[in-house]
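K.L.:
give the three-dimensional model of this entry:
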Amino acid sequence: MNFELTDDQKLLQKTVTTFVKKDSPVKRFRDLRSDELGYSLEVWRQMGELGWLSVILPESVGGFGGSFIDAALMLEAFGTTLVPEPFVSSIVMAAGIMADAGQPEQIERWLEPLMEGETTAALAYVEDGCRFDFDKPKSEATKQGSGYRLTGDKRFVLNGHAAHFVVVSAMVDGEVGLFVVDSKMPGVTIQPIKTFDGQRAANIRFENVELEDGRRLDKNGKGLQALSRTLDRAAAAACAEGVGIVTTALKMTNEYLQTREQFGVKIGSFQALQHRAVDMFVQTELCKSSSIMASIMADSDDAIARQDAISAAKVQMVEGGRFVTQQSIQLHGGVGITDEHDIGLYFKRMHVLNTLFGDEEFHLKRFAASPTFLEGVEVAV
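P.N.:
All right, here's what the predicted structure looks like:
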């Protein structure tokens, strides 16, 4: 398999890396933690102007037709400086599911302004008690005349506090339907919340929200399939961003070991700490390789192969990402647990990514239940 990037991908990687270092250092994220929005609309529009919000969307909807690998390259760079703009919630999730299930008129109405950076979006699918099961939402959309009436509660909606519109999953006629709801429509109540990593989300209540027929995306009857594919890609996106985090945490820790002195020598000269740094390097490389495979398979129409690769990467990112960031805190010593030091910000973001879109237990169970895995299991009788 050829893992070489194309010339266009190398240019994209270079451009995004230069941008995050120059225009979005960690200090920008640190300062935005106290902002109600949590990110910059100006930077978001700039991303739209640069074409980053259109890269992975198909040409049929006005995008550049790139692969998910393009998104992974951007997200890895975003992870190195904790870029807070809602790329995953708006583009990978909301725009992605709209591109899969939407009709031409819906794409023109909602997707085009999103790709230009004029709006942001969110995908609301998490509910009380559902854990990571999304195939039978409690929210309901009942037929009413030529439209629908939507009722339900969604939890921890990423970018739900600021999204111009939200794609909502709900049961309709015994199947999962997908509906586009504007955030300011009557019956929509948004409760902003702060997340563990300093970013923003929202709990959203939909109470008898009246929707015209044109707001239902899944006219092809594949709402559940589109939602499943989107959440797989979101999990792969979390892994890609996680690669940027572990890579940066390892680099910061190695630099600290080479500058911090105890007993008149650099602590990086202590063999025990060198062994820890090597273990961190190994876990970082494992996270990288599994994330690459997940990014390659994220575009696959083979649901089983896609889920196997992404679940494997997610489990590795949970284990490796946790190890690398915990060791980073430990090796930084007392300064590592202070809010003033950046390493703690990476630690917190890593732990949020490890829970989003399926935790270790969920993905281990899904991988173990895969037909591909079970074919190689011999059961003793």
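K.L.:
going by C-alpha atoms from here, please, whenever you check contacts or count neighbours.
P.N.:
Fine.
K.L.:
where does the stretch 151-300 of the chain dip in pLDDT?
P.N.:
Of all residues in the stretch 151-300 of the chain, those with pLDDT under 70 make up the ranges 219-220, 261, 268.
K.L.:
give me that answer again for 90
P.N.:
Applying pLDDT under 90 to the stretch 151-300 of the chain flags the ranges 173-174, 218-223, 256-274, 276.
K.L.:
hey, where'd the strands end up in it?
P.N.:
165-172, 175-182, 188-194, 200-211, 261-262, 265-266 (DSSP state E, counting those that start in this stretch).
K.L.:
who wins for proximity to Pro86 among these?
P.N.:
With distances scored as Cα to Cα, the stretch of these nearest to Pro86 is strand 200-211 (9.7 Å).
K.L.:
in terms of secondary structure, what does that closest one contact?
P.N.:
Applying 3 or more Cα pairs under 8 Å, 6 or more residues apart in numbering; DSSP states H and E, one finds that strand 200-211 contacts strand 147-158, strand 188-194.
K.L.:
which other residues reach stretch 44-64?
P.N.:
65-68, 70-71, 85, 87, 91, 95-96, 99, 104, 107, 111-112, 114-118 (Cα atoms under 8 Å, 6 or more residues apart in numbering).
K.L.:
quick one on the thing from earlier: how about JSON lines for the strands of the stretch 151-300 of the chain, with mean neighbour count and distance to Ala237 added?
P.N.:
JSON lines is the format used below for these (neighbours: other Cα atoms under 10 Å; distance: least, Cα to Cα, whole Å):
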{"stretch": "strand 165-172", "mean neighbour count": "23", "distance to Ala237": "19"}
{"stretch": "strand 175-182", "mean neighbour count": "23", "distance to Ala237": "22"}
{"stretch": "strand 188-194", "mean neighbour count": "17", "distance to Ala237": "21"}
{"stretch": "strand 200-211", "mean neighbour count": "20", "distance to Ala237": "18"}
{"stretch": "strand 261-262", "mean neighbour count": "11", "distance to Ala237": "38"}
{"stretch": "strand 265-266", "mean neighbour count": "13", "distance to Ala237": "37"}
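K.L.:
would JSON lines of the ones you listed with distance to Leu345 be doable?
P.N.:
Putting the strands of the stretch 151-300 of the chain into JSON lines (distance: least, Cα to Cα, whole Å) gives the following:
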{"stretch": "strand 165-172", "distance to Leu345": "28"}
{"stretch": "strand 175-182", "distance to Leu345": "32"}
{"stretch": "strand 188-194", "distance to Leu345": "14"}
{"stretch": "strand 200-211", "distance to Leu345": "15"}
{"stretch": "strand 261-262", "distance to Leu345": "24"}
{"stretch": "strand 265-266", "distance to Leu345": "25"}
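K.L.:
nearest to Ser40, out of these?
P.N.:
Once these are compared by Cα to Cα, strand 200-211 is nearest, at 12.7 Å.
K.L.:
can you give me the angle that closest one makes with strand 165-172?
P.N.:
Inter-element angle recorded for strand 200-211 and strand 165-172: 60 degrees (by axes from the mean of the first three to the mean of the last three Cα atoms, to 10 degrees).
K.L.:
partner strands of strand 200-211, parallel or antiparallel?
P.N.:
strand 147-158 (antiparallel), strand 188-194 (antiparallel) (DSSP bridges).
K.L.:
quick one: closest of these to Cys239.
P.N.:
strand 147-158 (16.7 Å).
K.L.:
domains for the protein, by residue range?
P.N.:
The chain is divided into the following domains under automatic domain parsing: 7-120, 122-220, 224-375.
K.L.:
check the offset of the longest one from the chain's centre.
P.N.:
Taking the mean C-alpha point of domain 224-375 and that of its whole chain, the gap between them comes to 13 Å (Cα atoms, centre = their mean, to the nearest Å).
K.L.:
can you show me the helices along the stretch 1-150 of the chain?
P.N.:
7-23, 26-32, 41-49, 68-81, 87, 96-101, 104-106, 112-115 (DSSP state H, counting those that start in this stretch).
K.L.:
longest helix in this protein, please.
P.N.:
For the chain, the helix that runs over the most residues, judged by DSSP state H, is helix 223-257.
K.L.:
can you give me the buried ones in that helix?
P.N.:
223-250, 253-254, 256-257 (16 or more other Cα atoms under 10 Å).
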